[in-house]
Every structure is written in C-alpha cells, then in structure tokens.
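Visitor: how would this look folded up:
(one chain, ligands or ions: 1)
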Amino acid sequence: MSSWTAHPAFDGHEDLIEVGDDALGFAGLVAIHSTALGPSAGGVRIWTYANEADVLTDVLRLSRGMTYKNAMADLPLGGGKAVLYKMGPDRAACFEKFGAQIDAIGGRYITAEDVGATGPDMAAVSRSTKYVAGVPKADGDGAGGDPSPWTGLGVFLTIEALLGGSVSGRTIAVQGAGAVGFDLCERLAGAGAKLIAADINAERVARAKALGAEIVPVERIHAAAADLFAPCALGAGLNTRTIPELAAPIICGAANNQLETEEDGARLAARGIVYAPDYVVNAGGIINVSAEYLGETEAAVDKRVRAIPGRVLRVLETAKREGVTPHQAADSIVRARLAEARHA
Ligand code: NAI
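Guide: The predicted structure follows:
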C-alpha cells in the first residue's frame, strides 16, 4: 500500500494501517482521514471485494465521509473507517486480534459496527481495546444500543420541519421499510401522514401495509405523487434515470450516498427539487453510537438529534444564498469547520 497517497480517493488522509493475521485468516485496512476535531470514528465493514484497489477506494471514501458526517453533527470526533476484506473461520478470535491492532493505534481510531459486523463482534473487539462503541449492554446503562430509532427520529423531525412543522394530511413516499424506513413510517403514520411505501422484501411490505401505507412497485416509488420522497433503502437512488421522474418537490431520507454522482445534486436543483443532504439528515445513528463512547446520556443524544432539522434548514439557506447545491453547501460548512480546528 506504499502508493496509497496517489490513489484518486486520497484526500489528505492522515494514515492508512494494515490489519489482519495470516494464521487467523483475516485481513483489512484502517483509514484515518482526519483527527482535527477529535479521535477518528467510524465502523468496521466486512465485505468481499474484486481486488485490492477496490478495498482502498472504499476505505478512503468511507473514512472521509465519516469526517464530514461527524463534523456536521457537531461531534468531537474525526473520521475513520475499517474494512475487513477477508474473515477467518474463528470469528471471535479474529475480532479479538483486530481489537488488539486497534488498541495499538493508540486511540486515534475508534471502531463500531458497520455493514457485515454485529454486536457480538464488537464485544470480541472490546476484550482487547477500549476504543470501540456499539458493544451490546444491559438496558438502562447509558446511551447505546440500536441506532435505527435515533436515525428515524432525526429523519422524521427534519421532514416535519421541511413541511412547515407538521406532516398531518401530507403524503410521504418511503423507499425501503427496513430498520430506519419502518421506524419512520410508524412515526409518520402516528403523526397523521398518508404513506406510500415500497420494499423488495414481502414481509417488510406487509408491515408497511398494516400501517395503512399504499404499496407501489419498487421501481416506481421515486415517481410516486407525494409531498416528500424519503429514500431509506440503498444508496445511489438519485441518478439520471430517476431524477427526471421524481414527482415530489422535496427529498429527505436516511439512505447513505443518495446521489449517484455529484452532478445529480445539480440535476435536482435544476428541477427545483429541494434535497436535504443525506449525511446531515441521517446523523442520529452515529450520534447514538458516539454517545456511548463519549459516555453521554440518552438525554444528550436526544438533544443532539433534535438539532438536526435546524442544521438542515441552515444548509438549505446557505445553498440558496450562495447558488450552490445543498450537498456542496454542507461540504463547504464542514471544510470551514475543519480548517478552523486545524488553525486552533
Ligand atoms: P435495512 O437493511 O434495515 O433496510 C433497508 C431496506 O431497504 C430493507 O427492508 C430492504 O429490503 C429495502 N430495499 C433494498 N433495496 C430496495 C429497493 N431497491 N427498493 C425498495 N426497498 C429496498 O437498513 P437500515 O438500517 O434501515 O438503513 C437504511 C439506509 O439508511 C441505508 O442506506 C443505511 O446505510 C442508512 N443509514 C442507516 C442508519 C441506521 O441507524 N440504521 C444510520 C445512517 C444511515
């Protein structure tokens, strides 16, 4: 990995560390993008890649994304990420060793669950290091636990704010009724909104239907006639194919990386569609996970999550004032905050 600083996804990252153990059969990378605002924090992803270059691309992009998400959420944390592209047969032993390797980084990187990792994996990591969050614990023991309801709350409050304070009688199209999407559907239905929903999973469709949602095919949900479209499935759903067909004037959802490319932000703006940048809206999960590490209470998490709608509105105002897309406005707010921290 000697040439990693020449990689197209390199963006002034502070460090790249190889982790793994041949005997245990696991291998991965930890990227530290920035510690300007505090120790770098971001989950560990377990994934299979076509080649080493793809691993590097993912870990560099994801760690940078964490810097932006954490900074925007006003957390005293930088951005980092781990990717394990090979997992050995004795999973617990691999994660214990991974924990020891995280420990050796000396607190510059704090790990947590991401795609492919579980609570028991984090418990194994915690046997070798204190630099981990998302370890399952008994109820009532401070902040922590499932981040999805906090993500759902942040998205719901932001939707309310974008619709002028109430969702009652308004129609919301929700793409994906998974952990966050269904939590959001419950909150919206409880507040009197009309729901349109789609999911590739029949059980999840059924539970959305039980809430009174009108169900549409997955390939048409983005085009549903609604006051607001909430992408809560996978990323890259806003692209050259879907943007011309969008019927809702506002987009606000939980999915990560909703814009397929940077230009899609401009395409939405050209259509006059208001786009609430994903990483500003969906910070509830990381706020909850980091509170566990920071030793904060559930009340502190609630306060931080309730600050999300105001932040989204400020980003949208900045975008309008400066004639840039909301995503560009959010990024420049973060870059200014990082520059200030480095200066201090
Ligand atoms: P999940 O896996 O529980 O839910 C995703 C749902 O989307 C599933 O029900 C799946 O069947 C459905 N789905 C997949 N492809 C679809 C398609 N083409 N059309 C319609 N539905 C489709 O995941 P979760 O945790 O609810 O996360 C949803 C999104 O929010 C992801 O992009 C995730 O990265 C993001 N996110 C989640 C956070 C959390 O706290 N769980 C925090 C921040 C972001």
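
Visitor: for burial, what's the neighbour tally of whichever residue of the stretch 51-200 of the chain sits closest to the ligand?
Guide: As assessed by CB to the nearest ligand atom, the ligand sits closest to G178 within the stretch 51-200 of the chain, at 1.7 Å. Where C-beta positions appear, they are placed from N, C-alpha and C, glycine not excepted. G178 has 18 neighbours, counted by other CB atoms under 10 Å.

Visitor: that one is in contact with C232, isn't it?
Guide: Yes. When contacts are counted by CB atoms under 8 Å, G178 is listed as touching C232 (6.7 Å).

Visitor: what about the residue nearest to G42 when sequence neighbours are not counted, which helix or strand?
Guide: Nearest residue to G42 in three dimensions, chain neighbours excluded: M66, at 3.6 Å (CB to CB, 6 or more residues apart in numbering). Per DSSP states H and E, M66 falls inside helix 52-72.

Visitor: show me which residues of that helix are buried.
Guide: Neighbour-count burial for helix 52-72, counted by 16 or more other CB atoms under 10 Å, picks out 55-72.

Visitor: contact partners of the host helix or strand of E317?
Guide: Assigned by DSSP H and E, E317 belongs to helix 308-322. Helix 308-322 is contacted from outside by 72-73, 154, 157-158, 160-162, 252, 274, 276-277, 280-281, 283-284, 325-326, 328-330, 332-333, using CB atoms under 8 Å, 6 or more residues apart in numbering.

Visitor: which of the residues you listed are buried?
Guide: Among these, the ones that count as buried by 16+ other CB under 10 Å are 72-73, 154, 157-158, 160-162, 252, 274, 276-277, 280-281, 283-284, 325-326, 328-330, 333.

Visitor: return the subset of these lying in strands.
Guide: Using DSSP state E, the members of the buried ones among the contacts of helix 308-322 that fall in strands are V274.

Visitor: can stretch 194-213 be found next to the ligand?
Guide: Yes. Stretch 194-213 comes into contact with the ligand (CB under 6 Å from any ligand atom), by way of 198-201, 204.

Visitor: and if you look at stretch 246-256?
Guide: Yes. Stretch 246-256 is in contact with the ligand by CB under 6 Å from any ligand atom, via 254-256.

Visitor: reformat those residues as a markdown table; add neighbour count.
Guide: What follows is these, written out as a markdown table (neighbours: other CB atoms under 10 Å):
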| residue | neighbour count |
| --- | --- |
| A254 | 29 |
| A255 | 23 |
| N256 | 16 |
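
Visitor: nearest to A300 among those?
Guide: Using CB to CB, A254 comes nearest to A300 of the residues of stretch 246-256 next to the ligand, at 21.4 Å.

Visitor: contacting residues around the closest one?
Guide: A254 touches 151-152, 155, 180-181, 184, 230-232, 278, 281-282, counting by CB under 8 Å, 6+ apart.

Visitor: quick one on the thing from earlier: report the distance from the helix holding M66 to the chain centre.
Guide: 11 Å (CA atoms, centre = their mean, to the nearest Å).

Visitor: can you check stretch 103-120 too?
Guide: Centre-to-centre, stretch 103-120 and its host chain are 16 Å apart (CA atoms, centre = their mean).

Visitor: mean confidence for that stretch?
Guide: Summarised as a single mean, pLDDT over stretch 103-120 is 93.

Visitor: stretch 231-240 too?
Guide: 93.

Visitor: can you tell if that stretch touches the ligand?
Guide: Yes. Counting by CB under 6 Å from any ligand atom, the ligand has neighbours in stretch 231-240: 232-235.
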